[in-house]
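J.: I'd like to go over a predicted model; first the sequence, then the structure.
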Amino acid sequence: MKKRFVSLVLLVFASASLTQAQFVKSIGLKGGAAWAKQEWKYKNVNEVDDPQYRARIHAGLELEMFRHPWLGMLAGAGIAQKGNQIEVEITHAGQPEGTGEFKTFRSTFNYAYLELLLKVHREFGPVTPFVFAGPRLDYMISYDSDLSLETIEDEMSDALFGLSYGVGVEYNFGRIGLAAVFTHQYDFSYVYDKEPETFGLESIRNKAYFLDLAIKYYFGK
């Protein structure tokens with residue numbers, strides 16, 4: 001499945017490259033910081049985990065398929081690190097309600113993704129602000145966690161569907177563009193979604209924000 005996902009990514013961008021004279025206007029690389037957390041929901045449990053945002057990394061490749069004076073279409077692929085961190089108070093037999101000391105448990109979920117975005121932009125000389133939104137497909141490559149997730153590993157979803165949207169601003173000089181981009185990746189699908197019979201973990205869903213710097217090359221600007 002992972003090999004098929006990588007092959008699909010390569011096929012999409014190879015096909016676009018072959019037709020760039022007609023359709024592809026620019027190619028870009030972007031990378032930066034990711035702030036991610038997960039919503040963990042439980043059934044019939046009074047005290048639940050409250051995961052915190054964790055700073056990770058993000059990198060991607062982007063093709064602009066056409067460029068109208070105010071409209072464009074972006075095809076993107078990349079790697080995103082998501083996950084969370086949870087602070088848990090230490091307890092023992094003598095202090096079952098807690099010692100006042102906390103331990104941090106960290107989880108990292110690595111995803112490859114494909115997205116197709118509608119872009120609305122407006123040029124003001126060399127400066128171009130823009131907004132974008134569109135559907136996204138994530139595929140989980142691997143995960144690493146301080147928590148014991150083996151009991152639910154077989155129930156976790158490899159493929160997730162979501163929405164990417166955000167804002168940015170680009171500065172152009174000739175065929176080169178530099179941009180700062182803020183993105184929110186919202187998931188419709190759950191990493192884990194299985195209702196327990198009585199009590200316990202019910203669902204896990206990702207939430208992530210990216211702040212990237214990008215460089216673009218325009219083929220016919």
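T.: Good, I have the coordinates. Numbering: from 1, shown residues only.
J.: pLDDT weak spots in the protein?
T.: Residue ranges of the chain with pLDDT under 70: 1-22, 44-50, 88-100, 197-199, 220-221.
J.: cutoff 80 now
T.: Along the chain, the model assigns pLDDT under 80 to residues 1-23, 42-51, 66-68, 86-103, 145-153, 195-201, 220-221.
J.: tell me where the chain has helices.
T.: Using DSSP state H, the helices of the chain run over 2-18.
J.: so which residues of it form strands?
T.: Here the chain has its strands, by DSSP state E, at 26-43, 54-67, 71-89, 102-121, 127-145, 159-173, 176-187, 192-193, 200-218.
J.: to Glu153, which of those lies closest?
T.: Ranking those by proximity to Glu153 (CB to CB) places strand 127-145 first, at 8.5 Å. In this view, the C-beta of every residue, glycine as well, is placed from N, C-alpha and C.
J.: how about TSV for the strands of the chain, with mean neighbour count and distance to Thr151 added?
T.: Converted to TSV, the strands of the chain look like this (neighbours: other CB atoms under 10 Å; distance: least, CB to CB, whole Å):
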stretch	mean neighbour count	distance to Thr151
strand 26-43	18	14
strand 54-67	18	22
strand 71-89	19	17
strand 102-121	18	14
strand 127-145	16	12
strand 159-173	16	20
strand 176-187	18	22
strand 192-193	16	11
strand 200-218	18	9
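J.: tabulate the ones you listed (CSV), appending distance to Glu153.
T.: Listed next are these as CSV, based on distance: least, CB to CB, whole Å:
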stretch, distance to Glu153
strand 26-43, 15
strand 54-67, 20
strand 71-89, 15
strand 102-121, 12
strand 127-145, 8
strand 159-173, 15
strand 176-187, 19
strand 192-193, 9
strand 200-218, 12
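J.: what's the closest of those strands to Ile152?
T.: Checked against CB to CB, the stretch from these lying closest is strand 192-193, at 5.5 Å.
J.: who's in contact with that closest one?
T.: Outside strand 192-193, the residues that touch it by CB atoms under 8 Å, 6 or more residues apart in numbering are Ile152, Glu155, Met156, Ser157, Leu201, Glu202, Ser203, Ile204.
J.: state the distance from the closest residue in space to the second one that isn't next to it in sequence to Lys216.
T.: What it means is Glu155. Counting by CB to CB, 6 or more residues apart in numbering, Glu155 lies nearest to Lys194, which is 5.4 Å off, once chain neighbours are set aside. Look at Lys194 and Lys216: by CB to CB, to the nearest Å, they are 43 Å apart.
J.: try Phe66
T.: 15 Å.
J.: again, but for Ser164
T.: Distance, Ser164 to Lys216, by CB to CB: 18 Å.
J.: number of residues surrounding Ser148?
T.: By the criterion of other CB atoms under 10 Å, Ser148 has 9 neighbours.
J.: likewise the one 10 residues further on?
T.: One way to gauge burial is a neighbour count; for Asp158, by other CB under 10 Å, it gives 13.
J.: any idea how far Leu137 is from it?
T.: Asp158 is 11 Å from Leu137, by CB to CB.
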